[in-house]
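S.K.: Sequence first, predicted model second:
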Amino acid sequence: QVQLQESGPGLVKPSQTLSLTCTVSGDSITANYYGWRWIRQPPGKGLEWMGIIGYDGGTYYSPSLKCRTSISRDTSKNQFSLQLSSVSPEDTAVYYCARDRGSGTMDYWGQGTQVTVSS
């Protein structure tokens, strides 16, 4: 069974960098031609796709967040990570990682982690 688990600080100060890690079990992030996504949901708003890292390490980011977002991976730990720089209170959200098995179909999700940006 595929499982994803987000981890990272729940509170980040404005202007700092938000860093989260997604640990994957039950599948390899380098196999099966899948992609691995970061998605967030601000309070009272819908889901927002942030970016994706492919099985080959290639990345693609949402145009609205591209200048502040970086996704990387540690294949030895089967993890992929999100960094979002220069955060503001508008970046407060529940952050999710998910597996994309193709064409934007996300079949496995982490439980989500709340990140609050506040001084």
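M.R.: Yes, it's here.

S.K.: Quick one: residues contacting the closest residue to Pro43 other than its chain neighbours.
M.R.: Computed as Cβ to Cβ, 6 or more residues apart in numbering, the closest residue to Pro43 that is not its neighbour in sequence is Thr92, at 6.8 Å. Where you see a C-beta, it was placed from the backbone N, CA and C, and this is true even at glycine. For Thr92, the contacting residues are 42-43, 115-118, by Cβ atoms under 8 Å, 6 or more residues apart in numbering.

S.K.: ok, the residues you listed vs Ser85, which is closest?
M.R.: Val117 (12.0 Å; Cβ to Cβ).

S.K.: who's the closest one bridged to?
M.R.: Val12 (DSSP bridges).

S.K.: State the distance from it to Gly46.
M.R.: 19 Å (Cβ to Cβ, to the nearest Å).

S.K.: So between the two, which is more surrounded?
M.R.: Remark: of Val117 and Gly46, Val117 carries more neighbours, 19 against 6, as counted by other Cβ atoms under 10 Å.
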